[in-house]
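Enquirer: here is the input, now give the coordinates:
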Amino acid sequence: MNFTEYAALRVADIRAGLLKGDFTAHELAQAAGDAYQVMDGPLHAFLQPTPGLAQARAEALDQRIAGQSCDAANRRQKGSGTLAPTGQARFTDTVSTGNAFGAHTNHSLLPNNADLRLAGVPIAFKDNMNQLGTRTTCASRMLENYESTYTATCVDRALAAGALPLGKLNMDEFAFGSSTESSAFGTTQNPWDLSRVPGGSSGGSAAAVASGITTVALGSDTGGSIRQPAAFCGVVGFKPTYGVVSRYGVVAFGSSLDQVGAFGRSVGCVAAATDAICGRDVRDCTSQDSAANFEAAALAGVEQGIKGMKIGVVREYLSLSGLEAEVIRALEDAIGHLECLGAHIQEVELPNARAALSAYYVIGPCEAFSNLSRFDSVRYGYRQCGANNLNEQCERSRAAGFGPETIRRVMLGSYLLSSGVYHTYYYPAQQVRTLITQDYQRAFASVDALLTPVSPRTAFSFGEITDPTQMYLSDVFTIPINIAGNGGLSLPVGLGSDSGLPVAVQLIGPQFQDENILRVAAALEARYDIERLAPLYQRLLEAKGEDAYRVVNKRQNANERQRVDEKGMQSNNNERCCPAGQQHLAANNPDPENERGRAKDS
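Expert: Numbering: from 1, shown residues only. Next comes the predicted model:
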């Protein structure tokens, strides 16, 4: 399987081709590894690739598919059955707990009667999601050497559905940011233009999908961290209703705001991924049962259409300061397509939406301050040794382990929760939250979904925005539904007429009616004939064979040497520093690349 064939595959194509025997899971894992080797040098989307884990799961999947085929042949000879339909392969073999596949519970690798929605689908995870056998760093020096001791529920469910784990992805440190520039391990570039940011905080996830390295990626969204980078990189990003996907095992930023979601190059891809990871989890009391079939909803949007559905438009959004003309034109064009599809466009009002940004930057830092208090250099995380007492050790370790944006938000949260200030800011912010939630409830009493911009502008250049308050404004359209808990999806609608960069629209649905979003998104997606892969992919294909690989790998090796040199310099400057509670789980990770990485780190 060559790069072109691999990058063109979507979830449904992979699932069908794998079960029909057009290709094997091993071939998919190999193609994904080749794509990483070629593409990630200029992008730096990955913090830790896991080719060994992907190959191990691919081999197991191929064995079980081969076994199923034999069983089916025997059943046909006896006249007692046929193969399960595409996407519903069923396997019964089991593996032991704590194996190379990252399972943390005592169940089968591909559980009994499992619906393999992600069979053979390459997937990668934002580096705030724990996965046994990998480091979980949150792109922070504080957790640089932290080895996951268990697997997050969303990761575990994706792997149980047959996905092939390619690795952990770059992000803003502890998910604080909108550009991935705050990562302690270097920035991720936008595959559409390497001088532009990929968005954030899930910038690595968006870039990995847009470049063609992986078919699906998971990210987390606290104020737009899935939808904004998806818009900047020209891919689909879906944040379900709060509680649809378990947050167990995902390092928390704002516990009442965080939600896991999927990136893909089509609505069908993110729908299939969400089907695989959604549902009640006894280890997360905020998770909810989900009877939805998101992939079926997306298919219904294409096959049955959306005629008669009511789509709300917030006209006051179009007058907000900083909203670029090409974003307005893209939104108006999407409205025209929806009308052609038979949807009824209706204006709605969200009178308190303008206050969402202010409420978010009170609630978010307060919850972040609380969640980050656990990084005290005693139980785990970076430790600055040589302090005279525990307080000094904690202060010095946090000052050295946290980056500037993390420190800024911790300080803000500490102030907002302090005596005499708490009642002035935190209580009113929660009251505003209630008003915003009620606004959405009133709006959805008359419409099935809302259509809004995702970001006021297309991807900006590195270093272009240095004022933190200006950076925060890039999430002005995405934050309100995190405040209210509704689901939202970023859908690419082509390139901006001025910038030539991806532009997207946002679809929002009522709480726990995310099928509305996916149905409308799939119908609208079918109206656009746009390129799903970034031009970096095309430029590499147009280069001459081995020369392209040699040039890219040369850049990748140079970047790796620079990271090693920077780490060495830091080690020399902090000779008295040592990691606290560093765990070594090499026996649980068969990946030789990771083994060499650990030797280098030591």
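Enquirer: residue ranges with poor pLDDT in the protein?
Expert: 68-114, 540-541, 543-602 (pLDDT under 70).
Enquirer: show me where it has its strands.
Expert: 46-49, 122-126, 164-169, 216-221, 236-239, 259-264, 310-313, 344-347, 381-384, 449-453, 488-495, 502-508, 577-580 (DSSP state E).
Enquirer: which residues touch stretch 358-376?
Expert: 142-143, 174, 176, 222-223, 252-257, 381, 394, 397-398, 401-402, 406, 409-410, 412-414, 416-417, 425-426, 428-430, 432-433, 436, 472, 475, 479, 482-483 (CB atoms under 8 Å, 6 or more residues apart in numbering). Any C-beta I mention is one placed from the backbone N, CA and C, and that applies to glycine too.
Enquirer: which of the residues you listed fall in helices?
Expert: Here DSSP state H is the test, and the contacts of stretch 358-376 give 394, 397-398, 401, 406, 409-410, 412-414, 416, 425-426, 428-430, 432-433, 436, 472, 479, 482-483 as lying in helices.
Enquirer: give the buried subset of those as a ChimeraX selection command.
Expert: Only the buried entries of the ones in helices among the contacts of stretch 358-376 go into this ChimeraX selection, using 16 or more other CB atoms under 10 Å:
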select :394,397,398,401,406,409,410,412,413,416,425,426,429,432,433,436,472,479,482,483
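Enquirer: contacting residues for the most centrally placed residue in the chain?
Expert: What sits nearest the mean C-alpha location of the chain, by CA atoms, centre = their mean, is Gly219, with 1.8 Å. Residues touching Gly219, when contacts are defined by CB under 8 Å, 6+ apart, comprise 126, 169, 171, 201-202, 205-206, 225-226, 229, 237, 260-263.
Enquirer: burial check on the residue nearest to Asp289 when sequence neighbours are not counted, number of neighbours?
Expert: Spatial nearest neighbour of Asp289, chain neighbours left out: Arg280 (4.5 Å); criterion: CB to CB, 6 or more residues apart in numbering. Residues near Arg280, counting by other CB atoms under 10 Å, number 12.
Enquirer: quick one, phi/psi of Arg280?
Expert: Per-residue torsions, Arg280: phi -60, psi 140 (degrees, to the nearest 10).
Enquirer: verify the contact between it and Ser290 for me.
Expert: Yes: judged on CB atoms under 8 Å, Arg280 makes contact with Ser290 at a distance of 7.5 Å.
Enquirer: follow-up on the earlier one: quick check: bridge partners of the residue nearest to the centre of the chain?
Expert: Gly261 (DSSP bridges).
Enquirer: equivalent analysis for Asp193, please.
Expert: Asn190.
Enquirer: I figured it hits Ala459, correct?
Expert: Yes: between Asp193 and Ala459 there is a contact under CB under 8 Å: 7.0 Å.
Enquirer: so which of the two has more stuff around it?
Expert: Neighbours were counted for Asp193 and for Ala459 using other CB under 10 Å; Ala459 has more, 29 against 20.
Enquirer: how about the more buried one, what does it touch?
Expert: By CB under 8 Å, 6+ apart, Ala459 lies in contact with 190, 192-193, 196-199, 232-233, 501-502.
Enquirer: go on, Val244?
Expert: Val244 touches 259, 274, 278-279, 287-288, 290, 292, 487, 512, 514, counting by CB under 8 Å, 6+ apart.
Enquirer: would JSON lines of the residues you listed with distance to Gly336 and neighbour count be doable?
Expert: Output for those, formatted as JSON lines (distance: CB to CB, whole Å; neighbours: other CB atoms under 10 Å):
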{"residue": "Gln259", "distance to Gly336": "31", "neighbour count": "25"}
{"residue": "Thr274", "distance to Gly336": "28", "neighbour count": "29"}
{"residue": "Cys278", "distance to Gly336": "33", "neighbour count": "25"}
{"residue": "Gly279", "distance to Gly336": "37", "neighbour count": "17"}
{"residue": "Ser287", "distance to Gly336": "39", "neighbour count": "20"}
{"residue": "Gln288", "distance to Gly336": "36", "neighbour count": "17"}
{"residue": "Ser290", "distance to Gly336": "33", "neighbour count": "20"}
{"residue": "Ala292", "distance to Gly336": "29", "neighbour count": "21"}
{"residue": "Gly487", "distance to Gly336": "24", "neighbour count": "28"}
{"residue": "Phe512", "distance to Gly336": "30", "neighbour count": "19"}
{"residue": "Asp514", "distance to Gly336": "25", "neighbour count": "29"}
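Enquirer: dump those residues to TSV, plus distance to Ala58.
Expert: Listed next are the contacts of Val244 as TSV, based on distance: CB to CB, whole Å:
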residue	distance to Ala58
Gln259	30
Thr274	23
Cys278	25
Gly279	25
Ser287	30
Gln288	33
Ser290	28
Ala292	29
Gly487	32
Phe512	35
Asp514	31
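Enquirer: and Phe294, how far from Ile306?
Expert: 16 Å (CB to CB, to the nearest Å).
Enquirer: looking at those two, which has the bigger crowd around it?
Expert: Higher neighbour count among Phe294 and Ile306: Phe294, with 28 against 24, using other CB under 10 Å.
Enquirer: ok, now how distant is the more buried one from Ala262?
Expert: Distance from Phe294 to Ala262, by CB to CB: 10 Å.
Enquirer: between those two, which contacts overlap?
Expert: With CB under 8 Å, 6+ apart, Phe294 and Ala262 have common neighbours Thr274.
Enquirer: make sure Tyr36 is actually in contact with Ile213.
Expert: Yes: judged on CB under 8 Å, Tyr36 makes contact with Ile213 at a distance of 5.3 Å.
Enquirer: quick one, which of these two is more surrounded?
Expert: More crowded of Tyr36 and Ile213, by other CB under 10 Å: Ile213, with 31 against 25.
Enquirer: how near is that one to Pro492?
Expert: From Ile213 to Pro492 the distance is 18 Å (CB to CB).
Enquirer: just Ile436 next, same as before
Expert: According to CB to CB, Ile436 stands 27 Å off from Pro492.
Enquirer: likewise for Val270?
Expert: 12 Å.
Enquirer: name the residues contacting each of those two.
Expert: With CB under 8 Å, 6+ apart, Val270 and Pro492 have common neighbours Val236.
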